[in-house]
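**Q** need the 3D shape of this:
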Amino acid sequence: MLHAIGIIPARYASTRLPGKPLTDLGGKSMIQRVVEQAQKSALSRVVVATDDERILEHVLAFGGEALLTSPDHPSGTDRVYDAYRQLATPADCLVNIQGDEPFIHPEQINSLLQLFSDEPLTQIATLVKPVVDEEELFSPHLPKVVLDAQRNALYFSRHPLPYQRQHPSEHWLEHHRYLRHIGLYAYRPDVLAEITQLPPSSLELAESLEQLRWLENGYRILTAETNLATIGIDTPEDVARALEFLAANPSL
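**A** As a prediction, the model looks like this:
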């Protein structure tokens, strides 16, 4: 049986939404909703990794598990590894769950875990989702990904890939099945230890996408496909959308 630990990086500081993990969404904080959704998956354990005492105390108060990590980590990946080292318990894989995805589907987490069960050589796994319209296709905030025949990522970009020279851009979706990246990652612990020691790469700096550092250094990123939509929260407008979603889904 796969022993998988879910770790949720949660920073207090946010330029557009300070204290974002503690934002109230229909009577529960955003971080509580993330934890509760993750606990519905096949994960063996769910832990919040935070740099702030307020978040730590809040998670412990609602019965969750949390650890205080360094405030100096440059990325959530580094915070996940810090937390795993503090846990000092072996795991087959670690899942990095975004702390601003309060409606993440347990099935999405399970689909990544399945890749580690089915493919013993899996190093890193992540999710992809079909692009459904031009707004998604051309948004630089929604990274796209191209895959090889074995569903390993070849490249991630904020620009649509591939470029279709023979067709006007407004017709690209008619002639190619584009995929966007969903930022949920799972790693073998030894691989996570290695990638957190890598310096930023040229491709990563160009696109501002951390996963390009891993590809540029020869790591394989296997993908699973999802058609389930989630709501990431970065702004007050996103909070309003989340509240509308909750109003339409009172069982959540």
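
**Q** and His181, which of the three is it?
**A** Recorded secondary structure, His181: strand (DSSP: H, G, I helix; E, B strand; the rest coil).

**Q** and the gap between it and Leu115?
**A** Going from His181 to Leu115 by Cβ to Cβ, to the nearest Å gives 15 Å. All C-beta spots, glycine's among them, are computed from the backbone N, C-alpha and C.

**Q** again, but for Arg177
**A** According to Cβ to Cβ, Arg177 stands 20 Å off from Leu115.

**Q** swap in Gln39?
**A** Counting by Cβ to Cβ, the gap from Gln39 to Leu115 is 21 Å.

**Q** so between those two, which is more surrounded?
**A** Per other Cβ atoms under 10 Å, whichever of Gln39 and Leu115 has more neighbours is Leu115, with 19 against 13.

**Q** confidence score at Thr15?
**A** pLDDT recorded at Thr15 is 73.

**Q** ramachandran angles for it?
**A** Taking degrees, to the nearest 10, you get phi -60, psi -40 for the backbone angles of Thr15.

**Q** what's the neighbour count on it?
**A** 7.

**Q** quick one: the helices in the stretch 101-250 of the chain?
**A** Applying DSSP state H, counting those that start in this stretch to the stretch 101-250 of the chain gives helices spanning 106-118, 134-138, 172-175, 189-195, 202-207, 211-216, 236-248.

**Q** who are the packing partners of the fifth one?
**A** In this structure, helix 202-207 packs against helix 211-216, with contacts taken as 3 or more Cβ pairs under 8 Å, 6 or more residues apart in numbering; DSSP states H and E.

**Q** chain center to the helix it packs on, what's the gap?
**A** Taking the mean of its C-alpha atoms, helix 211-216 sits 15 Å from the chain's own mean (Cα atoms, centre = their mean, to the nearest Å).

**Q** can you list contacts of it?
**A** Here helix 211-216 makes contact (Cβ atoms under 8 Å, 6 or more residues apart in numbering) with 124, 126, 153-156, 181, 185, 195, 198, 200-204, 221.

**Q** thinking again about what came up before, reformat the helices of the stretch 101-250 of the chain as a markdown table; add mean pLDDT.
**A** Converted to a markdown table, the helices of the stretch 101-250 of the chain look like this (pLDDT from 0 to 100):
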| stretch | mean pLDDT |
| --- | --- |
| helix 106-118 | 96 |
| helix 134-138 | 96 |
| helix 172-175 | 98 |
| helix 189-195 | 98 |
| helix 202-207 | 98 |
| helix 211-216 | 98 |
| helix 236-248 | 89 |
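
**Q** and Asn96, what does it touch?
**A** Contacts for Asn96 (Cβ under 8 Å, 6+ apart) come out as Ile7, Pro9, Gly76, Thr77, Val80, Leu184, Tyr185, Ala186, Tyr187.

**Q** 7 Å instead?
**A** Asn96 is in contact with Ile7, Pro9, Gly76, Thr77, Val80, Tyr185, counting by Cβ atoms under 7 Å, 6 or more residues apart in numbering.
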